[in-house]
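> take this sequence and fold it.
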Amino acid sequence: MNNSTSKTVDLDMSFLTAGSYKMETWSDTKKSDKEPNDLKKSAAVLISPGTLKVTMAKNGGFVAIIDR
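Numbering: from 1, shown residues only. Alright, predicted model coming up:
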């Protein structure tokens, strides 16, 4: 969850055991500041260790489900 200022953060994934993971995400879009229900659902492969760059709209957020 985010506050009233949009931002981009780098999340450190080193808490995961080294390797690759399946990741499903729900994230804000460029329109989310004005249309809060406008979300993007996607799937990706996450490699640990590493970082995950997350951009959140004001009053937005980010959700990820990470699985081996």
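> buried stuff in stretch 36-45?
residue 39 (16 or more other CB atoms under 10 Å). Quick note: C-beta positions are derived from backbone N, CA and C, even for glycine.
> please apply the same query to stretch 42-59.
Neighbour counts using 16+ other CB under 10 Å place 46, 48, 52, 54-57 of stretch 42-59 among the buried residues.
> surely residue 10 touches residue 50?
No. Using CB atoms under 8 Å as the test, residue 10 is too far from residue 50 to be in contact (9.7 Å).
> all strands of the chain, in order?
Counting by DSSP state E, the chain has strands at residues 7-12, 19-28, 39-48, 51-56, 62-67.
> ok, back up a step: redo the buried residues of stretch 42-59 as TSV? Include distance to residue 33.
Output for the buried residues of stretch 42-59, formatted as TSV (distance: CB to CB, whole Å):
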residue	distance to residue 33
46	26
48	31
52	22
54	16
55	11
56	10
57	5
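> looking at these, spot the one nearest residue 35.
Comparing these against residue 35 with CB to CB places residue 57 closest, at 9.4 Å.
> how about the contacts made by the closest one?
Counting by CB atoms under 8 Å, 6 or more residues apart in numbering, residue 57 makes contact with 2, 6, 28-29, 32-33, 36.
> please repeat the previous calculation with a cut-off of 6 Å.
By CB atoms under 6 Å, 6 or more residues apart in numbering, residue 57 lies in contact with 6, 28, 32-33.
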